[in-house]
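Novice: sequence? don't have it. structure:
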């Protein structure tokens, strides 16, 4: 996750009033985080190799430990605080990179934030990021890719129902469907992490 995503759309300008929650996803490994570095917040803990940690901190990433409920909530509560302060938060809804370029089932953290805060969700499909970080590559390459933003989504009818698992799943499914329409990706009703663990 990253604070203050860039407020520009390819070919046109758009404005999103705070609080906002910008949903982003990539076809390979690159998540976009924009904004003024002077306003990015430093997460308390960033996991990964030393160079990864340095990069993640430089772009204001918030580490989310998905191995425990408490770890997940720490990241979500920090994101909620940023939204309340008027920042935007970008979230990789699949939780990890796609193993094959398809769009996998979304985790429900984005829905939790939207239902708890009332923030609109701006879906974003990233197309062509495999040119920046091809599968199996050890480094990033200088290449262009498209960021396609959809209309802001609001869920006022479900506001305050973040504890309802079925509501969170329904909201997540609707967000993922918008991302699929933007990116043109095939949807897979399975978590990407499950596919990676199974060796698929």
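Specialist: Yep, that arrived. What you see is a predicted model, and the numbers here were worked out from it, not measured in a lab.
Novice: Pull the residues that contact the helix or strand containing residue 169.
Specialist: Residue 169 is part of helix 165-183 when elements are defined by DSSP states H and E. If you take Cβ atoms under 8 Å, 6 or more residues apart in numbering as the criterion, helix 165-183 is touched by 23, 25, 27, 93, 103, 105-108, 110-112, 114-115, 121, 123-127, 148-150, 153, 155, 158, 161-162, 185-187. Where you see a C-beta, it was placed from the backbone N, CA and C, and this is true even at glycine.
Novice: switch to 6 Å and redo it
Specialist: 23, 25, 103, 106, 108, 111, 121, 123, 125, 127, 148, 150, 155, 158, 161, 187 (Cβ atoms under 6 Å, 6 or more residues apart in numbering).
Novice: name the helices or strands packed onto the longest strand anywhere in the chain?
Specialist: If you go by DSSP state E, the chain has its longest strand at strand 121-127. Counting contacts by 3 or more Cβ pairs under 6 Å, 6 or more residues apart in numbering; DSSP states H and E, strand 121-127 is packed against strand 21-25, strand 146-149, helix 165-183.
Novice: how about JSON lines for those, with distance to residue 192 added?
Specialist: JSON lines is the format used below for the helices and strands packed on strand 121-127 (distance: least, Cβ to Cβ, whole Å):
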{"stretch": "strand 21-25", "distance to residue 192": "10"}
{"stretch": "strand 146-149", "distance to residue 192": "20"}
{"stretch": "helix 165-183", "distance to residue 192": "12"}
